[in-house]
Each structure stands twice: as structure tokens, then as C-alpha cells.
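K.L.:
My questions are about this predicted structure, shown below with the sequence.
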Amino acid sequence: KLHLSISNEFKNLDESEQNKISISFYETSKSLKMLYKDFIEKIISPCFSDAVYFQTVPTFRFHFPNQEGYNWKDRYHTDIMLGHPPYEINIWLPFTKTYDSNSMRITSYDDSMSFMESCDYDFEVFAERVQYDVNFSEMLRKSSNPITMNHGNFIMFDPRCLHCTQNNITDNTRVSMDIRIITEEGLKKYS
């Protein structure tokens, strides 16, 4: 219920679709950096057989109910469309329970590739269809699901998987963290 304690000035989204609370976490304390590094070393690294490289500052997201400042339409994307390399691995860790519209929607890798193939792997064509083609957007929505998770759980997914944030119409704020990592093997393979 964090949204009940914070003024709209800090909750509303700006033109980059971020709010002041999320932006404030780009300047993290030493103790938060240590907790983050500890999480990577003790929880994430053991999931892989080789060393991992990780972003210095994770992205914290505060997804408030009925946020203003954004025309809420599901904007499916892949991280590759945003300039991230295909060998990165996305990690999404909610600090609150996620369900229904306060969660992220994600599409399977195979379905994601099918949608991209239907656009000849052209990101601009895909973005235009997401924005203006109602039937295409509806097909994307039907092929994706909101992630239901409890705090303390996380998922890892391929950066080519289509995903989006939804208009949070629940009564609860979602707080989550995005992390992007690259394994040593992945880095060598694509360097």
C-alpha cells in the first residue's frame, strides 16, 4: 500500500515512463550495493557454471496503482529492441506479491520469435504494429501471461522474449528489481 503514503508528484510517470521514486534508486547507498553484490554472488552466480558479469546498478521499479502520466497501452518489447545484446539474461525479482495487472506480462521465447518473424525481424515494424494494429496487440495479449509470484522469487528470461508492464488496476503497489547479467561464456561467444 505504498501508494497511499506518497504524493502524486513522486508516483506519476514522466516522458520516459519512470517515476521519481524509481529514478531516485539510481543513486544507491553503499549498504544497498553490498546487499545487491551479495545477492548476485550467493543466489544468481551459483545458477551458472561460469562467471557472471552484472550491471552495476539494478533497475528498481515502483509500479503504483492507476499511475498518471502515461497512456496505458501494453507496449510489448524485447530488451534487444532497447539496445541490449542478445546474450544478456534478464532477471526479474519482485519485492511484493505480483499478480494480474500489477505484474509484468511475458510471452514465451517461441511465440516471441514468431511475432518478430511476422514483422521480418524489423523492430520499427513491430513497434508500429504494437501501437496501431489492434488485432496484432490482441494476439500478443492472448499469447502472454502476467507473472504471478511471491516476494523472494525471481525469474530469468531471454532478452528476446516479448514482455510489457500493464496498467496496475489492483489495490497494491508492485516493487521490483530488474537485473541484467552476461555469463563469461556468453560474452566470449558474442564478442
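P.N.:
Thanks, I have it. From a predicted model like this one, the values you see are computed outputs, not experimental measurements.
K.L.:
where along the protein do the helices fall?
P.N.:
Ranges of helices within the chain are 8-11, 20-24, 30-39, 109-118, 123-132, 134-143, 184-190, based on DSSP state H.
K.L.:
contacts for the first one?
P.N.:
Counting by C-beta atoms under 8 Å, 6 or more residues apart in numbering, helix 8-11 makes contact with His3, Asn19, Lys20, Ile21, Phe62, Phe64, Gln67, Glu68, all of which sit outside it. The C-beta positions use only the backbone N, C-alpha and C, and glycine is treated the same way.
K.L.:
Redo those as JSON lines? Include neighbour count, pLDDT and distance to Asp133.
P.N.:
JSON lines is the format used below for the contacts of helix 8-11 (neighbours: other C-beta atoms under 10 Å; pLDDT from 0 to 100; distance: C-beta to C-beta, whole Å):
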{"residue": "His3", "neighbour count": "19", "pLDDT": "78", "distance to Asp133": "33"}
{"residue": "Asn19", "neighbour count": "23", "pLDDT": "77", "distance to Asp133": "29"}
{"residue": "Lys20", "neighbour count": "15", "pLDDT": "77", "distance to Asp133": "33"}
{"residue": "Ile21", "neighbour count": "17", "pLDDT": "75", "distance to Asp133": "33"}
{"residue": "Phe62", "neighbour count": "24", "pLDDT": "86", "distance to Asp133": "31"}
{"residue": "Phe64", "neighbour count": "23", "pLDDT": "85", "distance to Asp133": "29"}
{"residue": "Gln67", "neighbour count": "20", "pLDDT": "76", "distance to Asp133": "25"}
{"residue": "Glu68", "neighbour count": "11", "pLDDT": "73", "distance to Asp133": "26"}
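K.L.:
thinking again about what came up before, just tell me which of the helices of the chain ends up closest to Asp178.
P.N.:
Of all the helices of the chain, helix 20-24 sits nearest to Asp178, with 10.4 Å by C-beta to C-beta.
K.L.:
that older thread, between the contacts of helix 8-11, which sits nearest Glu185?
P.N.:
Phe62 (34.2 Å).
K.L.:
neighbouring strands for whichever strand in the chain runs longest, and are they parallel or not?
P.N.:
Ranked by residue count under DSSP state E, the longest strand found in the chain is strand 174-183. Note on strand 174-183: by DSSP bridges, its sheet partners are strand 52-54 (antiparallel), strand 59-63 (antiparallel), strand 89-94 (antiparallel).
K.L.:
just the CA coordinates of stretch 80-100, formatted as CSV?
P.N.:
Extracted C-alpha coordinates of stretch 80-100, given in CSV (Å, rounded to 0.1, in the frame of the first residue of the first chain):
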residue,chain,number,x,y,z
ILE,A,80,17.2,-6.2,-27.7
MET,A,81,14.9,-3.5,-29.2
LEU,A,82,16.2,-1.2,-26.5
GLY,A,83,19.8,-1.8,-27.5
HIS,A,84,20.7,-4.7,-25.1
PRO,A,85,22.8,-7.6,-26.5
PRO,A,86,21.1,-11.0,-27.3
TYR,A,87,23.4,-12.9,-24.9
GLU,A,88,22.2,-11.0,-21.8
ILE,A,89,19.9,-12.7,-19.3
ASN,A,90,17.1,-10.8,-17.7
ILE,A,91,16.4,-11.4,-14.0
TRP,A,92,13.1,-10.0,-12.6
LEU,A,93,12.8,-10.0,-8.8
PRO,A,94,9.6,-8.7,-7.2
PHE,A,95,9.8,-7.5,-3.6
THR,A,96,6.0,-7.7,-3.4
LYS,A,97,3.5,-10.2,-4.5
THR,A,98,2.8,-9.9,-8.2
TYR,A,99,-0.5,-10.9,-9.9
ASP,A,100,-2.9,-9.8,-12.5
